[in-house]
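> Sharing a model that was predicted from the sequence below.
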Amino acid sequence: MIRLCVEVENKLGLHARAASKLVQLASRFSSDVYLSREGANQRIDSKSILGVLMLAASKGTCLAVFIDGRDEMEAGEAIKRLFRSKFGEKE
Amino acid sequence: MKAKQEKEFLGEGVSPGVVFGQALKLDKRNRAILKMHVDDVEQEARRLLDAIEQSKEQLSVLKCRLEEKIGSEHSVILDTHILILEDPTLQAEILDCIRKKHANSEWAVMQAMNRIVRAYESLEDAYFREKHNDIEDALERVIANLSGDSPFSWSNLPGDLIIVSRDFHPSAFATMDLHKVRGLVLELGGRTSHTAIISRGLRLPAVMGIRDIFPSTSTGDALLVNGDDGQVILNPTQKRMQRMRGRIEAFGTTAAYVLEKSGQTTLTRDGTPVSLRANTELPYELEAAKRCGAEGIGLFRSELLFFGHPQGLPSVQEQLRVYSKLVREMKPHPVAVRTLDAGSEKLFDGEDFPGQYNSAMGLRGIRLSLKAKDMFRSQIEAILRSGSEGNVEIVLPMISTVEEIRQARSLISEVRDSVRKTSKSRLRKVPVGAMIEVPAAVFALEVLAREADFLCVGTNDLIQYMLAVDRENPHVAYLFQPLHPTVLQCLARIADVAAKLKKPARICGEISSNPFFAVLLLGLGYTQLSMNPLSIPAIRRVLHEVSIDDSRMIADQALTFSTAREVCSYLTHAVSELVKADLGHYVREISVPDEMS
């Protein structure tokens, strides 16, 4: 299992469009991918759009990502890249 | 079993009375989702997954179409809907409910939806809080695919139901069993909504604008609805029930009783007949008109036949079908079809009639009909031919000069002659009336009325033109005053001229559905009122209690005041003294807003 930290950098936060991209990406990997707000106990499944939206993560929110499975390294890289690219949004 | 917790909700009481019953939740399409026991849970699970697949396919098709039209930027929202339907935790939750509770899929989806909506509504961030709308949209699609579009059957339901919904479309009144419904509780809406007006007419206690009641209630929960105070109690305690028993018994009857009691004809206290007719537009309103005992359709608005028509304009056959059905179903009562009353910008490209900016004063109504003659001819042909089914009338909108009546009548004769020749069918004589809604028509009435068979007073437009107020403009909406002394003078003049020339005059504006105004109109001399069909029973009840002499006295007095505010305060006081029922809820419809003070 790996654990990494990402920050929501795009202006609109993890809103519907960004959340959809994250769910679509996470669903491509066989590993389990869980998210939680920094410091919070509750983990949500990042393949669940309803869970990701419930995080209500606005710009500047730090999230912990837990990935467990065969392709965890690859998944971790891809997720980091998505957050860093600000979900491909023009600001 | 532990007694359920009592919970109080506050909203706006829009229709008075106190009733007790069990909740019947209706979804956005006003369908009930009831819990049913299923034996084969695996088959039910497959039914759910099939409906989810079907919903996803529909969304993909929609997405493609949207992308072709406006590009992929905006179709992303449909991606979110698809992801919601694919959500593994959501699917697991619904399947779990089906398997553990032997529940039907519709109910299981509804339960999950309620839980999620409650969870989202607790979020602080407004953007994410609003996301529950997308979740509801997506899941409602699944429910629609599960149960098809068939309305549920009222016959299987118990009585004493309180309808709980987010919003309630007035059309649902026409199909619901009024013997079984005792009250209405909505998250949206308010006192001036159409649904509120109808609830008052049906004596159906109603509270609107209650946040969060929908997800907090389940079908079958006990509900106490207090329409007087705008209060709703979920699972009321025995103690509270004892306290309220007197008020519940005092209210008594169901809406169906009101309809049956109100009968099919209207007589004032001294036995003068008044003809109450229906203004209709949508198909369900015909059903409502029949149920409420309308003595005819006083105004059928034909615009919907024309708007958004795939071939540009509707054919004679198409129109004939619609008018014939109305005439046949209302027989022996008359049906007045108003010819198209729309601005050219709604029907034609700008190139046909360029330069149309102010539609209210532009090329519309009879003005457009006399320019687009072929369109007018086909509408006239359809109306004339529908006369073979019963009793039909033609009403010409926006008449401002007598030439317009003359030209229209000559076109009507032309069409009649040509139909006679080609079809050899006998056409009955169809009366032709003029809408009186332009100030010029009020002052030229002696001339106009001689050339028309009857008059229809379009109060909404008349008030707007007379007072030069666009009621859609919030800055001046307070000046839209139906009780403005000038408006009353106009209405009095129209009634007097019509009586002198022995031409029937009918009020066709929503204002006649207000009981205070209806008494005033009666006193001014109008014995034909046309209104929203579902308002008819309430107006009928009020007029039963008022004599012609009472109403004349009130009208004479009302004409002596110099402001709408004075008229309003006199009128509400004078009518309330004559009528037993509490009319307090209708005062706001005619009162003058505070911007004036």
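Ah, there it is. Residues are numbered from 1 along each chain as shown, chains lettered A, B, ... in the order given.

> The longest helix seen in chain B near chain A at all?
Using DSSP state H to define each element, chain B has its longest helix at helix B:41-70. No - taking CB under 8 Å from any CB of the partner chain as the criterion, helix B:41-70 and chain A are apart, separated by no less than 12.3 Å. Glycine gets a C-beta too; all of them are placed from N, C-alpha and C.

> What parts of chain B come near chain A?
So chain B meets chain A at B:76-77, B:79-80, B:83-84, B:86-90, B:116, B:119-120, B:123-125, B:127-128, B:131, B:134-135 (CB under 8 Å from any CB).

> Can you select the buried ones among these for me in ChimeraX?
Here is the ChimeraX command that picks out the buried ones among these, judged by 16 or more other CB atoms under 10 Å in any protein chain shown:
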select /B:79,80,83,84,86,87,90,116,120,123,128,131,134,135
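
> Pick out the residue closest to the middle of chain A.
Centroid-nearest residue in chain A: A:Leu22, 5.7 Å away (criterion: CA atoms, centre = their mean).

> Shouldn't that residue be within a helix?
Yes - membership of A:Leu22 in a helix is supported by DSSP: H, G, I helix; E, B strand; the rest coil.

> who's in contact with it?
Contact criterion CB atoms under 8 Å, 6 or more residues apart in numbering or on different chains gives A:Leu14, A:Ser46, A:Val52, A:Ile79, A:Leu82, A:Phe87 as the residues in contact with A:Leu22.

> Select from those every entry located in helices.
Among the contacts of A:Leu22, DSSP H puts A:Val52, A:Ile79, A:Leu82 in helices.

> just the residues you listed now: which is nearest B:Lys502?
In terms of CB to CB, no member of those lies closer to B:Lys502 than A:Val52, at 74.4 Å.

> So that closest one is in contact with A:Gly13, correct?
No - distance between A:Val52 and A:Gly13: 11.2 Å, which falls outside the contact criterion (CB atoms under 8 Å).

> Tell me which of those two has more neighbours.
Each of A:Val52 and A:Gly13 had its neighbours counted (other CB atoms under 10 Å in any protein chain shown), and the higher figure belongs to A:Val52 (25 against 20).

> Helix or strand for the spatially closest residue to the more buried one that is not a sequence neighbour, just tell me which one.
Taking CB to CB, 6 or more residues apart in numbering or on different chains, and ignoring the residues beside it in sequence, A:Val52 has A:Ala19 as its nearest neighbour in space, at 4.4 Å. Taking DSSP states H and E as the criterion, the element that holds A:Ala19 is helix A:16-27.

> That helix - what's its average pLDDT?
Per-residue pLDDT over helix A:16-27 has a mean of 92.

> could you point out which element follows it?
strand A:32-37.

> buried ones in that next one?
Applying a neighbour-count criterion of 16+ other CB under 10 Å, one finds A:Asp32, A:Val33, A:Tyr34, A:Leu35, A:Arg37 buried in strand A:32-37.

> Touching, the first one and A:Val65? I think so.
Put plainly, it is A:Asp32. No - the pair formed by A:Asp32 and A:Val65 falls short of the contact definition of CB under 8 Å, at 11.0 Å.

> For the residue of the stretch 351-500 of chain B found nearest chain A, which phi and psi angles does the backbone take?
Sorted by distance to chain A under CB to the nearest CB, the residues of the stretch 351-500 of chain B start with B:Pro474, at 31.4 Å. Dihedral angles phi and psi of B:Pro474 (degrees, to the nearest 10) take the values phi -60, psi -20.

> Could you check how many residues crowd around it?
9.

> returning to that earlier point: need the buried ones from the contacts of A:Leu22 selected in ChimeraX.
Buried residues within these, by 16+ other CB under 10 Å, are selected in ChimeraX with:
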select /A:14,46,52,79,82,87
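
> Spatially nearest residue to B:Met398, not counting backbone neighbours?
Once its chain neighbours are removed from consideration, B:Met398 has its nearest residue in B:Gly365; the separation is 2.7 Å (CB to CB, 6+ apart).

> ok, that neighbour - contacts?
B:Gly365 makes contact with B:Leu340, B:Asp341, B:Ala342, B:Leu396, B:Pro397, B:Met398, B:Ile399, B:Met435 under the criterion CB under 8 Å, 6+ apart.

> Find the pair from those with maximum spatial separation.
Spatially, the most separated pair among those is B:Ala342 and B:Ile399, at 15.6 Å (CB to CB).

> what about these two, which has more around it?
Higher neighbour count among B:Ala342 and B:Ile399: B:Ile399, with 28 against 19, using other CB under 10 Å.

> before we move on, which element is the nearest residue to the more buried one once chain neighbours are set aside in?
Once its chain neighbours are removed from consideration, B:Ile399 has its nearest residue in B:Ala434; the separation is 4.4 Å (CB to CB, 6+ apart). Taking DSSP H and E as the definition, one finds B:Ala434 inside strand B:432-436.

> model confidence over that strand, on average?
On average, the pLDDT along strand B:432-436 is 98.

> Could you do stretch B:382-396 as well?
Stretch B:382-396 shows a mean pLDDT of 96.

> buried stuff in it?
Across stretch B:382-396, burial judged by 16+ other CB under 10 Å covers B:382-387, B:389-396.
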